[in-house]
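Undergrad: sequence first, then the predicted structure, then my questions.
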Amino acid sequence: MGHAAGRPKSFQENAARAGFRPGPGLAEEIFQKIVDHPEGIWVGRVDPEQNLSHLQTEDRKVNLFIPELLDELKTINAQQEEAALVPDPQFP
């Protein structure tokens with residue numbers, strides 16, 4: 001794991017909100033917690049008042065366009081989606 005002290009200040013602040021101690025040992029502390037909890041851990045918690053301030057998109061917006069899904073999205077229609085939700089009578 002990279003040296004967490006070299007990460008942006010926001011990374012250290014988010015890690016501190018999740019219960020980690022900011023400073024030179026942060027990366028090692030997070031790594032050890034991951035090893036001890038392979039089921040997953042919270043590495044950080046964003047300040048809810050600043051949750052979008054770290055967006056790095058040019059327009060500072062969340063972009064949901066995923067080119068790889070465009071063809072799939074074009075095939076979706078309300079009738080097919082509604083039909084897919086009808087339970088199969090053979091498997092109640």
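TA: Yes, it's here.

Undergrad: ok, which stretches of the protein are helices?
TA: For the chain, the helices defined by DSSP state H cover 9-17, 26-36, 70-75, 78-84.

Undergrad: okay if I get those as TSV plus distance to L64, mean pLDDT and mean neighbour count?
TA: For every residue, glycine as well, the C-beta is placed using N, CA and C. Below are those laid out as TSV (distance: least, C-beta to C-beta, whole Å; pLDDT from 0 to 100; neighbours: other C-beta atoms under 10 Å):
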stretch	distance to L64	mean pLDDT	mean neighbour count
helix 9-17	23	88	16
helix 26-36	29	94	14
helix 70-75	11	91	8
helix 78-84	18	92	8
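
Undergrad: export those to CSV and append columns for distance to V43.
TA: CSV is the format used below for the helices of the chain (distance: least, C-beta to C-beta, whole Å):
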stretch, distance to V43
helix 9-17, 6
helix 26-36, 6
helix 70-75, 31
helix 78-84, 36
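
Undergrad: and Q50, which of those helices is closest to it?
TA: Nearest of the helices of the chain to Q50, taken as C-beta to C-beta: helix 9-17 at 8.1 Å.

Undergrad: give the residue farthest from the middle of this structure.
TA: Q90 (38.3 Å; C-alpha atoms, centre = their mean).

Undergrad: okay, that one: pLDDT?
TA: We note a pLDDT of 90 for Q90 in this prediction.

Undergrad: ok, now which ones touch it?
TA: If you count contacts by C-beta atoms under 8 Å, 6 or more residues apart in numbering, Q90 has none.
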